[in-house]
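A.B. asks: sequence unavailable; structure follows:
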């Protein structure tokens with residue numbers, strides 16, 4: 001959400017188990033040899049559902065997490081997603097693909113190729129959970145995404161923690177200098193949101209604005 005306008009910047013498609021289990025739990029149950037098919041099915045379902053829900057009419061992006069180890073060739077692996085977008089009339093320039101900083105990548109060169117290919121195809125690219133993994137700024141320097149999503153561990157209690165506030169302020173300045181859009185994840189309270197705004201982060205995501213909805217676009221709180 002853009003806190004200055006109240007408009008959604010992006011809706012994130014999330015994987016959940018039948019019992020509400022999170023993505024990590026679901027992915028942990030997928031056999032390595034089935035990851036590619038699972039990744040493809042999730043992308044197609046996300047695009048199809050987004051089109052059915054009228055997401056494109058909101059002006060927001062559809063954010064989809066991808067598994068770099070499941071992508072053997074970016075242009076080949078994107079075909080089913082593009083076919084789904086054409087079939088549903090969903091604009092491909094509204095697609096944002098994000099990879100988690102904490103994702104264990106088998107080959108950095110391969111990830112760099114994926115990100116470069118997606119950007120060349122007109123997609124928005126993002127690093128998720130920034131600040132949660134071990135690669136941090138090195139990952140940012142190498143892949144230069146369009147968007148960086150600041151991990152909730154740096155956002156929590158930012159209104160009352162001078163150290164976190166200093167880090168967020170520095171990150172906002174750095175991203176501005178690099179021309180990268182910064183989003184704060186895991187915002188839960190009005191105090192956190194207001195502190196983030198003062199620190200220069202106007203794009204925010206979390207329960208403060210909306211909770212995940214099943215096969216629906218969640219209502220955004222004022």
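C.D. replies: Happy to help now that I have it. These numbers come from a predicted model, not from an experiment. Numbering: from 1, shown residues only.
A.B. asks: the residue nearest the centre of the chain pairs with what?
C.D. replies: Residue closest to the average C-alpha location in the chain (C-alpha atoms, centre = their mean): residue 98, at 4.7 Å. When assigned by DSSP bridges, residue 98 has beta-bridge partners residue 65, residue 126.
A.B. asks: contact partners for it?
C.D. replies: Contacts here follow C-beta atoms under 8 Å, 6 or more residues apart in numbering; on that basis residue 98 touches 63, 64, 65, 66, 125, 126, 127, 128, 147, 149. Bear in mind the C-beta positions are built from the backbone N, C-alpha and C, glycine included.
A.B. asks: just give me the least confident of those.
C.D. replies: Among these, residue 66 carries the weakest pLDDT, at 84.
A.B. asks: so who does it touch?
C.D. replies: Each residue near residue 66 by C-beta under 8 Å, 6+ apart is listed here: 39, 43, 97, 98, 99, 114.
A.B. asks: just residue 168 next, same as before
C.D. replies: Residues in contact with residue 168 (C-beta under 8 Å, 6+ apart) are 150, 154, 155, 158, 184, 196, 199, 201.
A.B. asks: redo that, cut-off 6 Å
C.D. replies: Residues in contact with residue 168 (C-beta atoms under 6 Å, 6 or more residues apart in numbering) are 158, 199.
A.B. asks: which SSE is it in?
C.D. replies: Here residue 168 sits within helix 162-178, counting by DSSP states H and E.
A.B. asks: what residues sit buried inside that helix?
C.D. replies: 164, 165, 167, 168, 169, 171, 172, 175 (16 or more other C-beta atoms under 10 Å).
A.B. asks: starting at the chain centroid, how far to that helix?
C.D. replies: Distance of helix 162-178 from its chain centroid, counting by C-alpha atoms, centre = their mean, to the nearest Å, is 19 Å.
A.B. asks: helices and strands around the next helix-or-strand element following that helix, which ones?
C.D. replies: Per DSSP H and E, helix 162-178 leads on to strand 181-184 as the next helix or strand towards the C-terminus. On a contact count with 3 or more C-beta pairs under 6 Å, 6 or more residues apart in numbering; DSSP states H and E, strand 181-184 meets strand 147-150.
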